[in-house]
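Chemist: predicted model follows, preceded by the sequence.
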Amino acid sequence: MPKLSRSLPNAPRVIEIVVFPSVQLLDVSGPLQVFSTANDIVGESGGASPYAPRVVAQGCGDIVASAGLGIAAGRLPPIDAALDTLVIAGGEGVQAAAADPALVDWIRLRANSARRVASVCTGAFLLAATGLLDGRRAATHWSLCDELARKFPAIRVEPDPIFVRDGPVWTSAGVTAGIDLALAMVEKDLGRTVALAVARYLVVFLKRPGGQAQFSTALSLQAAEDKFGPLHDWISAHLADEISLVILARQAGMSQRSFSRHYTEQTGLTPGRAVERLRVEAARQLLLESRLPIKRISRRCGFGSEETMRRSFQRLLGATPQDYRVRFSS
């Protein structure tokens, strides 16, 4: 068992995870398991449990998650009861929850008793309804970043980070990112040694490489397959060639201005960014599936140089090509 690197609190830190009908199950179970495993790790080292995690909701009885599984939740506690961390889960039912004035008011007032407040995935919409995210940086699921920014213009929505910490307010990206957020909290509270032990036990990265944009790129391009599918096929077959806006527009049979506008509307990416990400995706596959030297892969995928490919990998995946191959190649 790891040697504890940081002194533990005298009493367990109370963590309340707020749920509602049609909550996303992993938004709840992911962070809950992280805190529970931290208790196990510390307990096996002879320490007292550092956390007292609880799931709470309006009313009583089971809350049925969107996956159909019932969650036994306690009642919402008094707003001034002892509390360390308040976590707002997300899910299909979050918009209905955000429209409930009683729940929104309770969260706003309950936050005054907390050392920190957090949301997981689309839980940011419920947290935003309280006004607690106004003027702050925040994350949510990549597919709903634009909607969050449109509904709550006072929030600085960041589409790529796995999680964002702005003072005492933490927000995470989509679904499993709640695990990353909870691990970061454990590291902040108990030190890297305990957090790393928790991550190893759960078989996850303590800090996963890259942001959530790496997961959204392919889906964004797929959304435009009806209109630009043949173009994407052409790009994939010509990655080693020069691919300029002029060439792309000609291939699509459109003027440069019209092509740029329509392509960005369909994919959410400029043509140049899309080409870069397709090149990164092709290089990523070659790194995992072949033993080709990185220099050769960079030329084959159209980067021109290893340094150019390294910069693209760092920006989009948060890792160098060499690190990516070491981490993920079998």
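Modeler: Thanks, I have it. Because the structure is predicted, anything quoted here is derived from the model rather than measured.
Chemist: contact partners of whichever helix or strand Leu231 is part of?
Modeler: Leu231 belongs to helix 225-237 when assigned by DSSP states H and E. Under the criterion CB atoms under 8 Å, 6 or more residues apart in numbering, residues 221, 224, 243, 248, 251-252, 262-263, 266-267, 274-275, 278, 282 lie in contact with helix 225-237. From N, CA and C alone the C-beta is placed, and that goes for glycine too.
Chemist: please apply the same query to stretch 244-261.
Modeler: Outside stretch 244-261, the residues within contact range by CB under 8 Å, 6+ apart are 228, 231, 234-235, 262-263, 270-272, 275.
Chemist: in TSV, list the residues you listed along with distance to Arg115, neighbour count and pLDDT.
Modeler: Listed next are these as TSV, based on distance: CB to CB, whole Å; neighbours: other CB atoms under 10 Å; pLDDT from 0 to 100:
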residue	distance to Arg115	neighbour count	pLDDT
Phe228	48	23	89
Leu231	51	22	91
Trp234	54	15	92
Ile235	49	23	92
His262	48	15	92
Tyr263	46	23	92
Thr270	41	13	92
Pro271	46	23	94
Gly272	44	13	94
Val275	45	20	94
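Chemist: ok, back up a step: got a markdown table for the contacts of helix 225-237, with distance to Pro78 and secondary structure too?
Modeler: A markdown table is the format used below for these (distance: CB to CB, whole Å; DSSP: H, G, I helix; E, B strand; the rest coil):
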| residue | distance to Pro78 | secondary structure |
| --- | --- | --- |
| Leu221 | 50 | helix |
| Ala224 | 51 | coil |
| Ile243 | 61 | coil |
| Leu248 | 60 | helix |
| Gln251 | 64 | helix |
| Ala252 | 61 | helix |
| His262 | 55 | helix |
| Tyr263 | 54 | helix |
| Gln266 | 50 | helix |
| Thr267 | 49 | helix |
| Ala274 | 52 | helix |
| Val275 | 56 | helix |
| Leu278 | 54 | helix |
| Ala282 | 56 | helix |
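Chemist: report the buried members of the residues you listed.
Modeler: 221, 224, 243, 248, 251-252, 263, 266-267, 274-275, 278, 282 (16 or more other CB atoms under 10 Å).
Chemist: and the least confident of the residues you listed?
Modeler: On pLDDT alone, Ala224 ranks lowest of those, at 66.
Chemist: report the contact partners of Arg54.
Modeler: 14-17, 74.
Chemist: neighbour-wise, which one of these leads?
Modeler: When neighbours are taken as other CB atoms under 10 Å, the top entry among these is Ile17 (28 neighbours).
Chemist: didn't that one look like it was pressed against Leu32?
Modeler: Yes - the pair Ile17 / Leu32 is scored as a contact, 6.3 Å apart, by CB atoms under 8 Å.
Chemist: give me the common contacts of the two.
Modeler: Residues touching both Ile17 and Leu32 (CB under 8 Å, 6+ apart): 53, 55.
Chemist: give the burial count for Arg165, as a bare number.
Modeler: Residues near Arg165, counting by other CB under 10 Å, number 19.
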